[in-house]
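Q: just to be clear, the model below is a prediction. Sequence and coordinates:
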Amino acid sequence: MHRSDSPGGTAVPVAPDATSDVAIEAKSLSKRFGDVQANDAVSLSVQGGTVHGIVGENGAGKSTLLKMLFGFYRPDGGTLSVRGRPVTFHSPADAMAVGVGMVHQHFMLVEPFTVLENIILGVEGGRRLDRAMAAARENLHALEQRFGFDIPLDVPVAGLPVGVRQRAEILKALYRGADILILDEPTAVLTPQESDQLFALIRELKGQGKTVLFVTHKLDEIMAVTDRVTVMRAGRVVADLETVATSADALAEAMVGTRVTRAVVADETHGGAVRLSLENVSCASGSARGLHDVSFDLHDHEVLGIAGVAGNGQTELLEVITGLRAVDQGRVLFSDVEIAGPSGGTDPVALRRMGMAHVPEDRLKTGVVESMTARENIILGYQREEDVSAGGTLLKRGDIAAMADRMFAAQDVRPRNPGLPIGAFSGGNQQKIVIARELARQPALLVIGQPTRGVDIGAVTRIHDQIIALRNAGRAVLVVSADLDELIAISDRIAVMAEGRITGILPVNRAEEKTLGLMMAGRSMETAL
Amino acid sequence: RDFQPVLLYDIGGKFDSSFNEAAFRGADAFRAETGIAYREFEPTSETQYEQALKRFARRKADLIVSVGVGYAVAIRNVAHQFPDVRFTVLDAVIDLPNVQSITFRENEGSFLVGVIAGLKSQTGRIGFMGGMDIPLIRRFGRGFAEGARYVRPDIDMVENYIGTTPVAWNDPIRAAELALAQYTRGVDIIFAAAGPSGLGVIQAARDSGRFAIGVDSNQNGVAPGHVLTSMMKRVDLAVYDAMTEAHSDQWTAGHEIRGLREEGVGYALDEHNAALIPEAMRRRVEDIRARIISGDIIVGDTAGANVSH
Amino acid sequence: MDLFADILLLADSTFRTATPLVLAALAGLVAERAGVVDIGLEGKMLGAAFAAGAAAALTGSAWAGLLAGIVLSVLLSLLHGYVAITQRGNQIVSGMAINIAVAGLAPSLANSWFHKGGQTPLLMSDARFAAIRLPLADLMAGVPLIGPVYVEVVSGHNLITYATVAVVPLVAWGLYGTRFGLRLRAVGENPEAVDTAGISVAGLRYGALMINGFLCGLAGTVLSTGLGASFVRDMSAGKGFLALAAMIFGKWRPVPTLLACLLFGFVDALQGRLQGTPLPLIGEIPVQFTLMLPYILTVVILAGFVGRIDPPRASGVPYEKDR
Amino acid sequence: MIARRRLPFVLEVVVLPGLNLLAAFLVSGLFVWALGEDPFEALGLLVYGAFGFQEAIGYSLYYATNFIFTGLAVSIAYHGGLFNIGGEGQAMLGGLGLTLAAFLFGGVSPFLAIVMAVLFSALFGAAWAAVPAYLQARRGSHIVITTIMFNFIAASLLAYLLVGPLQRPGGQMPESADFPEGVHLAHVHDLLARLGIAFESSPLNVSILIALACAVAVWFLLWRTRFGYELRVVGQNPDAARYAGIAVDRMTILVMLIAGGLAGMMGLNELLGEQLRLLGNFTLGYGFVGIAVAFMGRNHPVGIVLAALLFGALYQGGAELAFEMSEVTRDLVVLIQGVVILFAGAMEHLFRDPVAAAYRRWTSGRVQSRVQSRGAA
Ligand SMILES: Nc1ncnc2c1ncn2[C@@H]1O[C@H](COP(=O)(O)OP(=O)(O)OP(=O)(O)O)[C@@H](O)[C@H]1O
Ligand SMILES: Nc1ncnc2c1ncn2[C@@H]1O[C@H](COP(=O)(O)OP(=O)(O)OP(=O)(O)O)[C@@H](O)[C@H]1O
Ligand SMILES: [Mg+2]
Ligand SMILES: [Mg+2]
């Protein structure tokens, strides 16, 4: 592989006297995947007992860097040292041996296993499981005491909310004696409450002398918890700063290369005709709690945000509206047509034809087919439309290819190659593709879940702009998000869900985080205000 | 140019410890005697029957002996294309000027071993173990039952078949299992017409100290003292004769049926089972044999000769 | 009168018939729980049956047979492992290949060694794992009810069948009671998690395949030296696939798998008993239909009671990581 | 994860498989040599026996036809996310179907009978696949088990009919009477003869054209039609399929119907093309080998046709080999087939990395030289 000394690359300023308490240090690490130079002479130095943040666009090389620090990937070049001692990691085991632990963005948990089994996996400390578990239980209780966890050890992971899973992952790392903790986009999947708990935990860890290194796309998080921040772009370190000495805007600019500004602003006009209307909708769900007696109207020229702690019915709500889940009571009207009721629902194809677009919460699980190319993915759901398949039978491949190119250009998808399997794009770029697909047909209603999960700020602003532009064009948008700032930023009204019920709907100007938080906790609007 | 005989087995394969194997022994005997080598082939599918016939016919083989009813159709198609090649087919009947068909009265042989079983059985219960439930095999069972009833009208027979696909010929495990079940249910002699699966029956006989009756070739030696006798189907003789005749230009086309009279079938008596069949019993059997040959006893038959259309 | 006797008989036969199935099914279970799909059970069984039959015939010792059977089977498993794990090849094709290759190899060798046309000589009883008459059998015989049960059903099986009785709990304990088992189950669900935990994915999977080979070895050996007394071409007669079915049927769990195998064994025995026996109302069923019975019953039970079954998440997926 | 980077077409499709085959023959050669025959002569005979003369080619293609049908049957189901081990049984029922058609309509008109036979073979095959498909879709019964079971059931059913209702008059084996006069598919050599082209007679018949047509149809269906697209979505991500408004259960059943139909048509080649009667065991494991064919063909119709050709050649060439070499038995031929499947089918990566490395060195080498030459200029 070739290494070009990078004029843009910044040497990391480390005070010589400080080197003694440098927890982990990377010198010009490089990593290449096929044609992609994922990391190019990346240098990084993290002081012990500090919280160090890394920001960067999707595909900037953050995960790759972290995976090298953790011995998951072998660097093509460069050196690593932990607490001043040079190290070479051949596997994560080596990293763990010197106290480096990592929580991956995509959790490394065995779903059918209990938390306990997951934690001791690999460090059972004994051939007999029963003994090993007993011993582990003791130590874990001690740990939980010390850092103030309370995780059910004997519940299968599959049934736990992401927040808890993440804490389990952290506990796992600590149990393995990590005092340098690496977190890849820990907050991407968390609710604000969960994020706050996480930060509390991170401060606790820092307080007890641990070193934390984490990636996020949310700059205010950087500002809130980190001591120092490194900015990456296109596989290089472009800045490395004291957090106190910088600002979110400065970071954003460093990341993207240009000043990030919200181009579109919501115009003054509010609410046109009712586009979507739920009347006392209830539905069951596999895990008992579905929807209870949910009613609201969504008008044209309006963005309605749905807030709530994950697992309080938002998913069911999305599914009911988009024809993926049956309604037990009440009915759903779309453009004054009943699309769902106890008598039956409408299938997604018909709904799309009626002008409903749907960006699902979990894109990898439902929004795309990972092994298919981006080109094949941009017709998912629209495969029966006339411009995609002639008479609903023969695919119009030429038109589809053209469509894909247009979408890639419009959304600035990278790498700009619709022929790649969608799994080869970062989650952020996958999101861009899905949104492009759903917006392509000027829907009358856009139903979108977690619009910017795991997406870099450049993309975030673009997505927000598109949503608002859609609204200004007189369309209706329903947004479900775990990110209150996001909701406040783009919604006209915010409905809060708890226990499958709507606890209240507020115009955005009356919705402060605190109020919403209380309502999310189940308080009625009146008491909350 | 010297004499070139060919022997074609059927899908069962050369060593099926059954009639293919017998045919092989016949050809070997011919070679041993005349020192004339023969070509042979084991097909893996019906399609290869015709392929093999054609190929050797084209090479001007002097005699192509093919074993098994499966060849009927193939011979019919090929023989008339090669009028100057001599074909001998066993177990099937083809009416063509250059085809010699040899079939056997398995039912007569089965009748005789049935007689032996009837005379020998202590429990009054005998068993029959067929490979696949097909007419060819039923004839063995039917003859066996008839023979036993002839000497012991009240005898009752348990009948099992091992399977419905050719796998059944190679499943000694299931055969042994079924045999054990029969023995436990009071059967003391089982006649196995099941190819290699028969080994399972013989083994079961040995394990539970009862008797089995072998088939096609002489299997008395497989488990001495436990194989009461074997129903011999002298495919070996037929092959041997066909080759010798062809060699000495006495070979004639037409249909030849070999029963007890022609010594085409019979029962095996040798040092291994001599002790099991006392003099008196032997005389009784020989007497019945004679009366079948003389026609006093007519052995019934299911599904007549193996005529193909 | 002989209804009781018949039941005993069926039970007895069930255990014998189920033995190779249980061993093979557990072999498949261990492999798939580790994430390696193995449709080569059939071939490995057949190979082991041949090796055992041959070795026992040559040495006159059943134990030599057992050893040979296990060795060959393990080697085949390792071959499958090399293809599936190291080569990241297609596990199904590899399994098929092993089935077909062995079906050709075994009789070829048997033929050139014993000249009995793809068979090995019939084994004398001391070269076999013959039926063992348990102690007290004669004493017990007199006792009403339990007596016959003990003599007919419990006593009179071959060593490997008795061993199998121990193998099942052993495998269960290994899977759920040991560190190795925990890791093995983990690698079948989420190899990446195992990898990041610093455990070798390949190592675990090879380990699982060794066990798989060992069990298949037992299964094959019992065919040619226990239930049977010689190797006969194709004598595995589809048991490998039946075992696979039993494993899925048992949802990749040892005890349910055992039950599934016993069911197969029972219905097979019943089928033999029903042949030529007129039933009330129905009358005598044609043999072909009694022979269908086990398979129809399986489908009915599957459709009626078992329902949806999810295999280990990672089974069949080669583990790739670009480093 | 994403498949490793692909190499240029030639390397992918010609060089790598070629190397694998070579390795396979090397290993097989060892066995042949162990039996005291000359491996190279054996290889020569194998190849000659498969392609050396017209009749050989005819037979190779004839066998290949079976594998095309069964390979496609496995493959299309696989694209739909289903593992169809039931090819064997589906083929048997297909054979039954065409036999019934032959006898039902044979009296009316041979041509009608043939048309109906083609239809029935597909219909019966599909019907036999429908039950496991339905159980999978509605009851979640694991299709691998059910299809295995249905193979056994089909075999028994056929056996029953062939010694019962459909038994050949006076016949001794499980086989039906011959099809009515004129009810058979034309042999290719006859057709060629009509065109004035002399071709040695072989069982090769027009069903190979049907098979190839099926291959094209499957390819077109999968990658050119909306239905095929939906089918692949269901196969790769059922959740996404529901999101896209595709009825997963319905698709499961439909794809199995197609698969069953394809497998069912295998009988056209074996029975309506050559045997002209229904045989109890005419499928001879072709259904199972179809699994290997499908995966060796990377589940792409073109690959499947190629893999089928390879197997057809192995079957035919193997037979010739057994003809010619006294020591080479049909068992050894089976062994060789197994080895070929192992190397050519399961070890696709065996030579990939070395070849890829060599290729990179080569290309980078060229870049270097170009740079230098430019520098020189
Ligand atoms: N396993 C891999 N194989 C091939 N290419 C890879 C691999 N991992 C990363 N890359 C490439 O390296 C680049 C950097 O990837 P990386 O995961 O570090 O980005 P990132 O900063 O984590 O992006 P995101 O913010 O989306 O997580 C990506 O553009 C990707 O194309
Ligand atoms: N096998 C692969 N081949 C090519 N690129 C890959 C591969 N695996 C991962 N990548 C790249 O690695 C980068 C990051 O991968 P990862 O799974 O971490 O994405 P991500 O972190 O989920 O992205 P995001 O933060 O936007 O959600 C992506 O750009 C993706 O394209
Ligand atoms: Mg990342
Ligand atoms: Mg990311």
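A: It's in. Ligands and ions are numbered 1, 2, ... in the order given.
Q: in chain C, which helix or strand is least confident?
A: Taking mean pLDDT, DSSP states H and E as the measure, chain C has helix C:137-141 as its least confident helix or strand, at a mean of 74.
Q: model confidence for A:V14, exactly?
A: pLDDT, A:V14: 39.
Q: wait, A:S287
A: Per the predicted model, pLDDT is 53 at A:S287.
Q: buried set for stretch A:231-246?
A: The neighbour-count check on stretch A:231-246 (16 or more other Cβ atoms under 10 Å in any protein chain shown) flags A:231-241, A:243, A:246 as buried. To be clear about C-beta, it is placed using only N, CA and C from the backbone, and glycine gets the same treatment.
Q: and that stretch, end to end?
A: Length of stretch A:231-246, first residue to last, Cα to Cα, to the nearest Å: 12 Å.
Q: which outside residues touch that stretch?
A: With Cβ atoms under 8 Å, 6 or more residues apart in numbering or on different chains as the test, stretch A:231-246 has contacts from A:6, A:8-10, A:12-13, A:37-44, A:53-57, A:60-62, A:64-65, A:222-223, A:226-230, A:251, A:254-257.
Q: out of the residues you listed, which end up buried?
A: Using 16+ other Cβ under 10 Å as the burial test, those include A:6, A:9, A:12, A:37-44, A:53-57, A:60-62, A:64-65, A:222-223, A:226-230, A:251, A:254-256 as buried.
Q: where's the closest residue to ligand 4 within the stretch 251-377 of chain D relative to chain A, distance?
A: Relative to ligand 4, the nearest point of the stretch 251-377 of chain D is D:A356 (28.6 Å; Cβ to the ion). Look at D:A356 and chain A: by Cβ to the nearest Cβ, to the nearest Å, they are 11 Å apart.
Q: hmm, that residue is touching D:V15, no?
A: No - shown here, D:A356 and D:V15 do not form a contact pair, counting by Cβ atoms under 8 Å, at 10.8 Å.
Q: on that earlier part again, what helices and strands are in contact with the least confident helix or strand of chain C?
A: Secondary-structure packing of helix C:137-141 (3 or more Cβ pairs under 8 Å, 6 or more residues apart in numbering or on different chains; DSSP states H and E): helix C:146-148.
Q: at 6 Å what do you get?
A: Packed against helix C:137-141, as judged by 3 or more Cβ pairs under 6 Å, 6 or more residues apart in numbering or on different chains; DSSP states H and E, are no other helices or strands.
Q: so for it, what gets flagged as buried?
A: Buried, per 16+ other Cβ under 10 Å, within helix C:137-141: C:A137, C:M140.
Q: up against chain D, what does chain C have?
A: Residues of chain C found near chain D (Cβ under 6 Å from any Cβ of the partner chain) are C:83, C:87-90, C:92-94, C:96-97, C:100-101, C:103-105, C:107-108, C:241, C:245, C:248, C:286, C:288, C:291-292, C:295, C:298-299, C:302-303, C:307-309, C:320.
Q: and ligand 4, which of the residues you listed contact it?
A: Cross-checking the residues of chain C next to chain D against ligand 4 (Cβ under 5 Å from the ion) gives no overlapping residues.
Q: return the members of those residues classed as buried.
A: Neighbour counting by 16+ other Cβ under 10 Å classes C:83, C:87-90, C:92-94, C:96-97, C:100-101, C:103-105, C:107-108, C:241, C:245, C:248, C:288, C:291-292, C:295, C:298-299, C:302-303, C:309 among the residues of chain C next to chain D as buried.
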